[in-house]
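[1] take this sequence and fold it.
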Amino acid sequence: MTWATLILVVAAAAAPLIPLDFVSGRLMAHARSLWLLGLLTVGIVWVAQYELWLALIGLCFLCRWPRHTDPPSLLPSLIQWIAVGTTWGLLLQMPAWGWRWLPWAWLAVAGWQSVQIAARRLVHGGRQKGTMGSPVITALYLALVSPFCPAWGWPVLGAGLGLIWSYTAFLGVGMGLVWLYPSWWPLGVAAALTGALLWCWSPVVWGNRLLEHTPRGDTIDSVISRWRGWQLICHHGTERWLLGHGPNSMEPALLRWGSRYDIELTWGEGFNEGLQVYYEYGLLGILAIVAFMGRVIPHLTLGDPWSAAWLVGGVLAMSHWPLRHASIGLVWLAIGAHLAHGG
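    Below you'll find the model as predicted:
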C-alpha cells in the first residue's frame, strides 16, 4: 500500500466528518471548499509520484487556499492547470503513429498561415496576421514548427516569417537551426551580431534608416518596455518570493506600475515566462519549471527536430508569451510530452 492510497482511504473515511453547524448557503459553500481542499491535497500526493512539476503547482494553490471562505478566485486558474495536467497525461499515451503525422499537420497549418499572410499583404499592405490573433504570435508559431520543415517547404515558411519580421521569431529559428546543424553555429553568431549592429548603427538607405524598410521597423520601444517590466517584476517579486502574488496577478500589476511610473508597459503579460511564473507563483513556481525541464532535458538530442522545436519554444518564451497562447502552448506541450515519453 502506497502513501497515496493510504491518504485516499483516510480521506474517503473522513468525508462524513466535514463540519456543518447548520444548513445555510454560506456554510454549504464552506463545506464544498473543504471537500475541494481535501481533494487537492490527495491529488498532490498522488501526482507527485509521477509528475513532480504538477504537484508543485498544486502545492502553490494548496498554500493559498482560503480556510474560511469559498475559493472562486482560485478556481479558474486551478481548472486551467488541471487541464494542462490532463492534456500532458493524454499526450504521454499518444501512439507512435500519432507522433509521426503530427509534425506534418503542424506544418500544414504553418503553410496555411503563411499563405493568408501573403494574400492579406497583397490586398491590404502592411504587417498582416494569420488566424492566431496577431502578426507576432503567428510568426512565433512558424518559428516553433520550423525544425520539422523540409528544405522544399522553407520558401513558404520563410515568406511568412519575412513578411512579419519578428526578431524573437528569428532568434527562435536560429536556435533551431543551430541545434539541428551544430556546425552552423558560427553562421548563427554572425547573423545575430550583424542584426544587432544594423539595429544599433541603423544606416540611412533611400532616405530612411535601413531597418525601417522592414515590416517590423527599427524602433526599440518594445524592448525598452519589456526591460522595464522585467525590472519591476524582479523588484516587486521579492515582496512575496516564496508563494508569489497569486495566479493572474501579473496583468493588474502591470497596469498599476504603468500608471504609477508613467511608462507604457507590455500588455497583460510579463513577456518572460520564467519571470511571470516567479511573480505569480514564487519560488515554488520556479521549482515547478525546473522539475518540468528535468522531465524533458535529459531526452534532448543534437540533430533531432523534436529537441530543436522544444528549445525554440523555450527561446521564444524568454521575450514573449507564446506558451500562454493555446494554439502555440499546446503544440509545445505535445513536443515536450513526446520527448519525455522517450521520443
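
[2] rest of the way, CA atoms for contacts and neighbours
    Noted.

[3] now the helices for the stretch 51-200 of the chain?
    Along the stretch 51-200 of the chain, the segments classed as helices by DSSP state H, counting those that start in this stretch run 52-64, 75-91, 96-124, 135-145, 154-164, 167-180, 185-201.

[4] give me the distance from the longest one to the chain's centre.
    Relative to its parent chain, helix 96-124 has a centroid offset of 20 Å by C-alpha atoms, centre = their mean, to the nearest Å.

[5] residues of it that come out buried?
    By neighbour count on 16 or more other C-alpha atoms under 10 Å, the buried set for helix 96-124 is 103, 106-107, 109-118, 120-121.

[6] same thing with the second one?
    Of all the residues in helix 75-91, those buried under the rule 16+ other C-alpha under 10 Å are L78, V84, G85, W88, L91.

[7] give the other helices and strands that that helix contacts.
    Applying 3 or more C-alpha pairs under 8 Å, 6 or more residues apart in numbering; DSSP states H and E, we find helix 75-91 packed against helix 52-64, helix 326-340.

[8] picking up where we left off before, tell me the one of the buried residues of helix 96-124 nearest A334?
    P103 (10.4 Å; C-alpha to C-alpha).

[9] the closest one and F148 touch, don't they?
    Yes - checked against C-alpha atoms under 8 Å, the pair P103 and F148 is within contact range at 6.3 Å.

[10] which residues does stretch 151-163 contact?
    Contacts with stretch 151-163, where a contact means C-alpha atoms under 8 Å, 6 or more residues apart in numbering, come from 110-111, 113-115, 117-118, 127-128, 139, 142-143, 146, 169-170, 215.

[11] typed the wrong thing, it's stretch 136-144
    For stretch 136-144, the external contacting residues (C-alpha under 8 Å, 6+ apart) are 110, 113, 129-132, 157, 160-161, 164-166, 168-170, 172-173, 309-310, 312-313, 316, 322, 328, 332.

[12] before we move on, what about stretch 218-232?
    Applying C-alpha under 8 Å, 6+ apart, the contact partners of stretch 218-232 are 199, 202, 209, 211-212, 254, 257, 263-266, 270-272, 275, 319.

[13] export the helices and strands packed on helix 75-91 as TSV, with columns for distance to R240, mean neighbour count and mean pLDDT.
    Formatted as TSV, the helices and strands packed on helix 75-91 follow (distance: least, C-alpha to C-alpha, whole Å; neighbours: other C-alpha atoms under 10 Å; pLDDT from 0 to 100):
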stretch	distance to R240	mean neighbour count	mean pLDDT
helix 52-64	12	21	94
helix 326-340	27	20	96
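
[14] any chance of the ones you listed in a markdown table, plus distance to G98?
    Output for these, formatted as a markdown table (distance: least, C-alpha to C-alpha, whole Å):
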| stretch | distance to G98 |
| --- | --- |
| helix 52-64 | 25 |
| helix 326-340 | 10 |
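
[15] and W99, which of those helices is closest to it?
    W99 lies closest to helix 326-340 among these, at 7.5 Å (C-alpha to C-alpha).

[16] that closest one packs against which elements?
    Helix 326-340 packs on helix 75-91, helix 273-296, helix 305-316, going by 3+ C-alpha pairs under 8 Å, 6+ apart.

[17] quick check: the gap between the residue nearest to V296 when sequence neighbours are not counted and S307.
    For V296, ignoring the flanking residues on the chain, the nearest one in space by C-alpha to C-alpha, 6 or more residues apart in numbering is A340 at 5.0 Å. According to C-alpha to C-alpha, to the nearest Å, A340 and S307 sit 11 Å apart.

[18] ditto for A326
    20 Å.

[19] one step back: tell me who's in contact with the residue nearest to V296.
    A340 makes contacts with L92, R295, V296, H299, as judged by C-alpha under 8 Å, 6+ apart.

[20] most surrounded residue in these?
    V296 (19 neighbours; other C-alpha atoms under 10 Å).

[21] so that residue sits against L339, correct?
    Yes - assessed by C-alpha under 8 Å, V296 is found in contact with L339 at 5.9 Å.

[22] where in the stretch 201-343 of the chain is pLDDT low?
    207, 210, 213, 266-267, 343 (pLDDT under 70).

[23] what does stretch 58-77 rub up against?
    So stretch 58-77 is in contact with 29-30, 32-34, 37, 40-41, 44, 78, 243, 246-248, 281, 284-285, going by C-alpha under 8 Å, 6+ apart.

[24] what do you get if the cut-off is 7 Å, keeping everything else the same?
    Identification of contacts with stretch 58-77 by C-alpha atoms under 7 Å, 6 or more residues apart in numbering yields A29, H30, S33, I44, L243, P247, Y281, L284.

[25] neighbours of the fourth one, how many?
    Translated: I44. By other C-alpha under 10 Å, neighbour count at I44 equals 21.

[26] re the thing from before, from the contacts of stretch 151-163, which shows the smallest pLDDT?
    Note: of the contacts of stretch 151-163, the lowest pLDDT belongs to P215, at 77.

[27] thanks a lot, catch you later.
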